[in-house]
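> got a predicted structure plus its sequence, pasted below:
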Amino acid sequence: MPGFMGMMLGVTPAMAARLESWRFDRNLNRLEFKTDVNIRPRAQLIQNPTRLVVDLPGIKLNKPLMNQPIGGAIKGMRVSQFDPQTTRMVIEMALGYNLDPKLIQIRGVSNVQWSVQLPKPQLNPATPPIIPTEKEPTPISLSSPVPGISKPSPASPQSTIQSIEIEPNSGRLIIRGDQALTYGTHLQGSEYHIILNNARLADNVTGPQLTPSSPVTRLRLRQDDSQTVTIMVEPSSGTRIGDLMLIDAKTLVLTLRRSLLPIGQPGGSSPGIPIPVTPHAKFVVVIDAGHGGPDPGAIGIGGVREKDVVLSISQQVAALLQQQGIEVVMTRNDDSDVDLEPRVQLAEQVNATLFVSIHANAFRMDQPDINGLETFYYSTGDGLAQMVHRTILQNVKIGDRGVRTARFYVLRETSMPSILIETGYLTGQNDAPLLATDNFRTQMANAIARGILLYLGSG
Ligand SMILES: [Zn+2]
């Protein structure tokens, strides 16, 4: 990666930094944009009409104004030169729709690439939109559901917050639930709020003991209602709020960085609600160990269980990628039961660059001659599948059963390149004894991690 400072010093007014590309994906409700140098966007939500404003300091547009009508709950988007130094991107809601600022996630996919994930726009009850009526107008009773308003999503189990701690060495804030966590963030003055949805505080949770050397001067916990918990974090002076990441579905980690620089407050006296921006020069890879808990997956020769084999391989892949500076999120990091849907939701929520699901295969016990590696993808995972599959074959002694497409849920429902690796046959006479050994699992993990790194390097 070229040196950031060097690039900035080389910029003259005639060759100012540019917005290279932008695109609003209406299916994903997501704005993606790319600049030619490292920048730090600022964002705020402004009302009447509701619009999200994202400012790109230091970026010059080569066109005066660009418009993209979107339709539905989002009216459209425009990009303009706000002042000589700032390009402004505005996403405007249709009349009557609002956005929950806590659920807007802005993050860097790389130094020069950003994504702005919007939540599903909500109808604002204060200004109901005109719902077209049928020829015979039927009065809508207040107790019956109003057509056109989204139904509540299927209930996932509520997560009880078991502990909130500060790790002594790293100074990271660790929030642990007993079920998958979903969250939003919000900045109020210098206080950072983490809003946990569908969560409740366990009775005995008190939060960390703070000392004068803690990275946090005050930490408050609040049960807002039966299913919302807010954690309010006041960083100590010289501490910067860093990334907030799920390290597995149930564990949320906030990085707190000691910094000599003062904390910048974007927006100044602006009337909007500032949205925290998560900078990221890194990739986020989701490692999905198949099965777990009461679901053992395949059971092979000698009683080897798929869930154990794939957890061991997955943990090693995760550690290897982390050593290379890749942000890794695991869908499970122990023998727990995670449905397919939260695995996909997790990948979407952390805005994963890649999703890699690790499994082991089985056929029939009376067919021990079926052995070998298989790698699956659905749509965009083709290149990743080829790269990882080839790297495994080059480094691990295993048969080749090819790369194929498959309509597996975790491949079909994820929006990023995703693959599913069947690391051999637990019912195979060649593969089963190997999959039972630590040595083979380590070799497999090394090869998978290498394949992922090669793909990210060339991607
Ligand atoms: Zn499996």
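Structure's in. What do you need?

> give me the nearest residue to the closest residue to the ion within the stretch 251-400 of the chain, chain neighbours excluded.
Closest approach between the stretch 251-400 of the chain and the ion, counting by Cβ to the ion: His359, at 3.4 Å. Every residue, glycine included, has its C-beta placed from N, CA and C. Distance criterion Cβ to Cβ, 6 or more residues apart in numbering; nearest residue to His359, sequence neighbours excluded, is Gly290 at 4.1 Å.

> list the contacts of that neighbour.
Residues in contact with Gly290 (Cβ atoms under 8 Å, 6 or more residues apart in numbering) are Gly297, Glu306, Lys307, Val310, Ser357, Ile358, His359, Ala360.

> hey, what's Leu221 bridged with?
Per DSSP bridges, the residues bridged to Leu221 are Ile231.

> what's around it, how many residues?
Per other Cβ atoms under 10 Å, the neighbour tally for Leu221 reads 14.

> report pLDDT for the residue in the stretch 51-200 of the chain positioned nearest to the ion.
Residue nearest to the ion within the stretch 51-200 of the chain: Ala180 (19.6 Å; Cβ to the ion). At Ala180, the predicted lDDT confidence score is 87.

> and if you look at Pro132?
pLDDT at Pro132 comes out at 37.

> contacting residues for Asp288?
Each residue near Asp288 by Cβ under 8 Å, 6+ apart is listed here: Ser314, Met330, Thr331, Arg343, Ala347, Phe355, Val356, Ser357, Ile358, Val410.

> most neighbours among these, which one is it?
Most neighbours among the contacts of Asp288, by other Cβ under 10 Å: Val356, with 31 neighbours.

> so how far is Thr437 from the residue nearest in space to the middle of the chain?
The structure's the chain has its C-alpha centroid closest to Val350; by Cα atoms, centre = their mean the separation is 0.9 Å. Noted for Val350: a distance of 32 Å to Thr437, by Cβ to Cβ, to the nearest Å.

> ok, Pro49 next?
Pro49 is 62 Å from Thr437, where distance means Cβ to Cβ.

> who has more neighbours out of those two?
Shown here are Pro49 and Thr437; by other Cβ under 10 Å, Pro49 has more neighbours (14 against 10).

> the more buried one: which element?
Remark: Pro49 resides in no helix or strand, with elements defined by DSSP states H and E.

> start at 377, not 1
All right, first residue 377 from here; so that's Pro425.

> what sits up against the helix or strand where Ala695 lies?
Taking DSSP H and E as the criterion, Ala695 maps to helix 682-699. Helix 682-699 is touched from outside by 661, 663-669, 671-676, 704, 706, 708-711, 732, 734-736, 738, 799, 802, 811-812, 814, 817-818, 820-822, 824-825, 828-829, with contacts defined as Cβ under 8 Å, 6+ apart.

> same thing but at 6 Å, please
The contact list for helix 682-699 (Cβ atoms under 6 Å, 6 or more residues apart in numbering) reads 661, 663, 665-668, 672-674, 704, 706, 734-736, 811, 817, 820-821, 824-825.

> wait, a helix at Arg576?
No. Arg576: not assigned to a helix; according to DSSP: H, G, I helix; E, B strand; the rest coil it is strand.

> just list whatever residues bridge to it.
Thr536.

> any idea how many residues pack against it?
By the measure other Cβ under 10 Å, the count of residues near Arg576 is 18.

> look up how far the ion lies from Ala823.
For Ala823, the distance to the ion equals 19 Å [Cβ to the ion, to the nearest Å].

> does that residue sit in a helix, a strand or a coil?
helix.

> wait, it sits on Ile768?
Yes. Between Ala823 and Ile768 there is a contact at 4.3 Å, judged by Cβ atoms under 6 Å.

> what touches both of these two?
What both Ala823 and Ile768 touch, as defined by Cβ under 6 Å, 6+ apart, is an empty set.

> circling back to that earlier point, what's the spacing between whichever helix or strand comes after the helix holding Ala695 and its chain's center?
For helix 682-699, the following helix or strand on the C-terminal side (DSSP H and E) is strand 703-706. Relative to its chain's centre, strand 703-706 lies at 9 Å (Cα atoms, centre = their mean, to the nearest Å).
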